[in-house]
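**Q** Need a 3D model of the following:
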Amino acid sequence: MPAPDTYDAVIVGGGHNGLVAAAYLARAGQSVLVLERLGTTGGAAVSTRPFDGIDARLSRYSYLVSLLPQKIVRDLGLDFAVRKRTVSSYTPTVRGGRATGLLVGGDTTRESFAALTGGEREYAAWQRFYGMTQQVAERVFPTLTEPLPSRDALRDRIGDPDAWRMLFEEPIGVAVEENFADDLVRGVVLTDALIGTFADAHDPSLLQNRCFLYHVIGGGTGDWDVPVGGMGALTDALAQAARAAGAEIRVRHEATRLETDGTRAEVTVRSPDGEHRVAARRVLVNASPQALAALLGDEPPAPAEGAQLKVNMLLRRLPRLRDRSVDPRQAFAGTFHIAEGYGQLADAYRDAASGRLPAAPPSEIYCHSLTDPSILGPDLAARGYQTLTLFGLHTPARLFATDNEATRAALLKATLAELDAHLDEPIADCLAVDGNGEPCIEAKTPLDLERDLRLPGGHIFHRDLAFPYATESTGRWGVETAHANVLLCGAGAVRGGGVSGVPGHNAAMAALGR
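**A** Okay, the predicted model is just below:
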């Protein structure tokens, strides 16, 4: 058998983090091979046309950008941009038998708080609380692309004992209840602690705190922005940057085994042409910790479990709202919260923890095409079509284990019913139809995501998030493994999760000895 081709670095997985690592290493003069089992690069950060015969490119899985440092965009010369949303969020409710809601963002935020809560207290509390999180963001976000600070060093850098207590030491529910009185306002705050995370506001593990932290520090501001052209525009730009720097990218090439002696590694690869091996001084794995263990033949880590419903829709027009004080183009421009009052979120968690679907499934929606119509074909845009992306909370994978298809259908029906409760017409009446005459709507459970993307248990972060500081097991960059020349550059790395490129950057820096 001929000797395997040898590279400085082989990267297993062509998702966005793997492409970031490939671009950095290739620009440093290293020979780099990227192996991707699917027919295209991008992983979960892709744009696709999910509806037959319809010219609409949706960010099918991940959909907003907050944690991607501009440093990576600049360093790699990416042709990629984001746009600010005109509204942060809208949360509909019923007060005194009247449809109303809370609109956050723009010049009417203060008036909206006053109309909902009957005074200035909640708005002032909101300003104080998010002033605090912004100061934390300004101090913490730059550390994500540096070697991991110690816990003490990060606490000193934040320099605010109350912020440290609220975010790092006590369950986030304590801070929410201390600072806010209104149930709806409390719920809006808490949602950032629950995206892709199955936990109660007072969970002693502080898993919800870790999730909240990553949701409020992005870019040093906490803003969640719309990727122009869809999420695939980012990964296309990354693939282009990696190739331009000299990296080789092979799609439909699946790594099936990894062997290493700590200084040299060999990867077994399955491709349309058969099975072969490649060698490298170093291997970077842009896959889950479970996948890494399987490649090495090691004991797998603790099982991961996702807890979300993802729904994509294409509408002929936006629906009318029962709250006539808000234009639908305002309400859907930001995050549209559904059944996410504080009490409702607690009830939904208890339902799911007891093994049943939430009676009132919480979820949130946003409309990409209001901010960036470029994802729609010219004809659809001219006719007023819009996309909607829905993300459901508190639906752990275990609930779908017996009958995924039937449970998915039941959950989708219940979720849309919660949305319809705030609309002046059923959302079904606004759906476009595809080339086969079918409604343009698709739903994916954690089990669907595990099947499609190999996310362990459908967990969008690959495993539970970790605080962004060093511990005895993290290594210098948070990407190190038990093998000196094998690095984890996927979302399961410390400071992983979300579309950030941070694990890819940090694995490249570790590989280069920086």
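**Q** All the helices of the stretch 101-250 of the chain, in order from the start?
**A** 109-117, 121-140, 151-158, 161-164, 172-179, 183-191, 207-216, 231-244 (DSSP state H, counting those that start in this stretch).
**Q** Quick one: the ones you listed as a markdown table, columns for mean neighbour count too.
**A** No exception for glycine: its C-beta is placed from N, CA and C like everyone else's. As requested, the helices of the stretch 101-250 of the chain are exported to a markdown table (neighbours: other CB atoms under 10 Å):
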| stretch | mean neighbour count |
| --- | --- |
| helix 109-117 | 17 |
| helix 121-140 | 17 |
| helix 151-158 | 15 |
| helix 161-164 | 14 |
| helix 172-179 | 19 |
| helix 183-191 | 23 |
| helix 207-216 | 24 |
| helix 231-244 | 23 |
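**Q** Serialize the ones you listed to JSON lines and add fields for mean pLDDT and distance to residue 361.
**A** Converted to JSON lines, the helices of the stretch 101-250 of the chain look like this (pLDDT from 0 to 100; distance: least, CB to CB, whole Å):
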{"stretch": "helix 109-117", "mean pLDDT": "96", "distance to residue 361": "23"}
{"stretch": "helix 121-140", "mean pLDDT": "98", "distance to residue 361": "26"}
{"stretch": "helix 151-158", "mean pLDDT": "98", "distance to residue 361": "35"}
{"stretch": "helix 161-164", "mean pLDDT": "98", "distance to residue 361": "32"}
{"stretch": "helix 172-179", "mean pLDDT": "98", "distance to residue 361": "20"}
{"stretch": "helix 183-191", "mean pLDDT": "98", "distance to residue 361": "13"}
{"stretch": "helix 207-216", "mean pLDDT": "98", "distance to residue 361": "18"}
{"stretch": "helix 231-244", "mean pLDDT": "98", "distance to residue 361": "25"}
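**Q** Tell me which of those helices lies nearest to residue 427.
**A** helix 183-191 (20.3 Å; CB to CB).
**Q** Could I have the CA atoms of the closest one written out in PDB?
**A** Taking C-alpha atoms only, helix 183-191 is exported to PDB below (Å, rounded to 0.1, in the frame of the first residue of the first chain):
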ATOM      1  CA  ASP A 183     -44.000  38.700  34.500                       C
ATOM      2  CA  LEU A 184     -43.700  39.500  30.800                       C
ATOM      3  CA  VAL A 185     -40.600  41.600  31.200                       C
ATOM      4  CA  ARG A 186     -39.000  38.900  33.300                       C
ATOM      5  CA  GLY A 187     -39.800  36.300  30.600                       C
ATOM      6  CA  VAL A 188     -38.200  38.400  27.900                       C
ATOM      7  CA  VAL A 189     -35.000  38.700  29.900                       C
ATOM      8  CA  LEU A 190     -35.000  34.900  30.700                       C
ATOM      9  CA  THR A 191     -35.300  33.700  27.100                       C
END
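**Q** elements contacting it?
**A** strand 89-95, strand 98-104, helix 109-117, helix 121-140, helix 172-179, strand 335-338, helix 342-353 (3 or more CB pairs under 8 Å, 6 or more residues apart in numbering; DSSP states H and E).
**Q** Dump the ones you listed into JSON lines; add distance to residue 385 as well.
**A** Converted to JSON lines, the helices and strands packed on helix 183-191 look like this (distance: least, CB to CB, whole Å):
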{"stretch": "strand 89-95", "distance to residue 385": "21"}
{"stretch": "strand 98-104", "distance to residue 385": "24"}
{"stretch": "helix 109-117", "distance to residue 385": "28"}
{"stretch": "helix 121-140", "distance to residue 385": "34"}
{"stretch": "helix 172-179", "distance to residue 385": "38"}
{"stretch": "strand 335-338", "distance to residue 385": "18"}
{"stretch": "helix 342-353", "distance to residue 385": "31"}
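**Q** To residue 300, which of the ones you listed lies closest?
**A** Going by CB to CB, the one of the helices and strands packed on helix 183-191 nearest residue 300 is helix 342-353, 24.4 Å.
**Q** List the neighbouring strands of the helix or strand that comes right after the closest one plus their orientation.
**A** As assigned by DSSP states H and E, the chain's next helix or strand after helix 342-353 is strand 363-366. In the sheet, strand 363-366 lines up against strand 335-338 (antiparallel), strand 386-392 (antiparallel) (DSSP bridges).
**Q** Other residues contacting the longest one?
**A** Outside of strand 386-392, the residues that reach it under the criterion CB atoms under 8 Å, 6 or more residues apart in numbering are 56, 58-59, 63, 195, 308-315, 317-318, 332, 361-370, 375-376, 411, 415, 419.
**Q** mind listing which of those residues are in helices?
**A** Among the contacts of strand 386-392, the members falling in helices (DSSP state H) are 368, 369, 370, 411, 415, 419.
**Q** With respect to residue 458, which of the residues you listed is nearest?
**A** So of the ones in helices among the contacts of strand 386-392, ranked by how close each gets to residue 458 (CB to CB), first place is residue 411, at 13.3 Å.
**Q** quick one on the thing from earlier: among the contacts of strand 386-392, name the buried ones.
**A** 56, 58-59, 63, 195, 308-315, 318, 332, 361-370, 375-376, 411, 415, 419 (16 or more other CB atoms under 10 Å).
**Q** so how far is residue 480 from the residue nearest to residue 359 when sequence neighbours are not counted?
**A** Once flanking residues are discounted, residue 359 sits nearest to residue 351: 5.9 Å by CB to CB, 6 or more residues apart in numbering. Using CB to CB, to the nearest Å, we find residue 351 at a distance of 40 Å from residue 480.
**Q** again with residue 313
**A** Counting by CB to CB, the gap from residue 313 to residue 480 is 42 Å.
**Q** Equivalent analysis for residue 378, please.
**A** 49 Å.
**Q** So those two - more neighbours on which side?
**A** residue 480 (19 against 10; other CB atoms under 10 Å).
**Q** Residue 147 versus that one, what's the distance?
**A** 11 Å.
**Q** can you check residue 161 too?
**A** Counting by CB to CB, the gap from residue 161 to residue 147 is 25 Å.
**Q** Please apply the same query to residue 443.
**A** On the measure of CB to CB, residue 443 and residue 147 end up 41 Å apart.
**Q** out of these two, which sits in the more crowded spot?
**A** Under the neighbour definition other CB under 10 Å, residue 443 and residue 147 were set side by side, and residue 443 has more, 19 against 14.
**Q** quick one: contacts of the helix or strand hosting the more buried one?
**A** In this assignment (DSSP H and E), residue 443 forms part of strand 441-444. Applying CB under 8 Å, 6+ apart, the external contacts of strand 441-444 come out as 50-51, 61, 309-314, 408, 411-412, 431, 452.
**Q** Neighbours of residue 170, how many?
**A** Using other CB under 10 Å: residue 170 sits among 16 other residues.
**Q** Quick one: residues in contact with the longest strand anywhere in the chain.
**A** Taking DSSP state E as the criterion, the chain has its longest strand at strand 274-285. Contacting residues not belonging to strand 274-285 are listed as 3-13, 18, 21, 33, 35, 256, 258, 260, 263-269, 291-292, 295, 485-490, 507-508, 511 [CB under 8 Å, 6+ apart].
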